[in-house]
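> Fold the following.
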Amino acid sequence: MEDIRIQRINSEIKKALSIIVSEKLNDPRLTSLMTISEVNTTSDLSHCKVKVGVLAEPNVQKDILAILKKSKGFIRHELASSVRLRITPELNFEIDEGYAHSIRINDILSKLNIPKENKNDDIGVDEWIKLQKQFYLQKKLHFSRMSALMQMGWVACVHFFLY
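Okay, here's the model as predicted:
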């Protein structure tokens, strides 16, 4: 039960922090490419770890993290007024490294020489049946049994037993 309660609290805190940081925190150094990606609150509501995703260079990320840490008191005060909790948790901001990792993975994947699929490679039903017949005849499976299996929808099972 408590796990669901903490998940709801995390969700509400995340929504409130997103609004506070984007609308109420008037600092021109905060970019629009910043999001609150994850919020983890302890079960006693005393501490809350807030992961911030920033699509920028590491030095800009550190600057944004410093701004958030300096304005932690204001953010906590606004959070207390927007989310009604018995205790307003102490906020600890961290940079979410997931964005940097995903960008790095995308760069690595884009450098690979994988040919793109041609959308015109789709074959019709008649051509597919013709190819399947050829395949099964090559495997010495009698055509009448294959067509009976196809009518019953057992093509995938035949593939399994042939290999």
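> quick one: low-confidence parts of the chain?
Along the chain, the model assigns pLDDT under 70 to residues 1-2, 32, 114-125, 128, 132-163.
> Show the residue spans covered by the helices in it.
2-19, 58-70, 72-82, 98-111, 125-138, 143-152, 155-162 (DSSP state H).
> got the phi/psi numbers for the nearest residue to Arg86 once chain neighbours are set aside?
Residue nearest to Arg86 in three dimensions, not counting chain neighbours: Leu45, with 7.0 Å by CB to CB, 6 or more residues apart in numbering. (Each C-beta comes from the backbone N, C-alpha and C, glycine too.) Phi and psi for Leu45, reported as degrees, to the nearest 10, are phi 60, psi 20.
> So Leu45 is in contact with Leu85, correct?
Yes - using CB atoms under 8 Å, Leu45 and Leu85 qualify as a contacting pair, with a distance of 6.2 Å.
> which residues are in contact with both of the two?
Taking CB atoms under 8 Å, 6 or more residues apart in numbering as the criterion, Leu45 and Leu85 both touch Ile9.
> Compare these two and say which is more crowded by neighbours.
Leu45 (17 against 13; other CB atoms under 10 Å).
> so what are the domain limits for this structure?
Under the assignment automatic domain parsing, the domains of the chain span 2-111, 125-162.
> just those domains: most buried one?
Most buried of these, by mean neighbour count (mean count of other CB atoms under 10 Å): domain 2-111, with a mean of 14.
> residues touching the residue nearest to Arg86, list them.
Leu45 touches Ile9, Leu85, Arg86, Ile87, Thr88, Pro89, counting by CB under 8 Å, 6+ apart.
> Which of these lies at the shortest distance from Val52?
Distance to Val52 across those (CB to CB) is lowest for Pro89, with 15.8 Å.
> and the gap between the closest one and Thr42?
7 Å (CB to CB, to the nearest Å).
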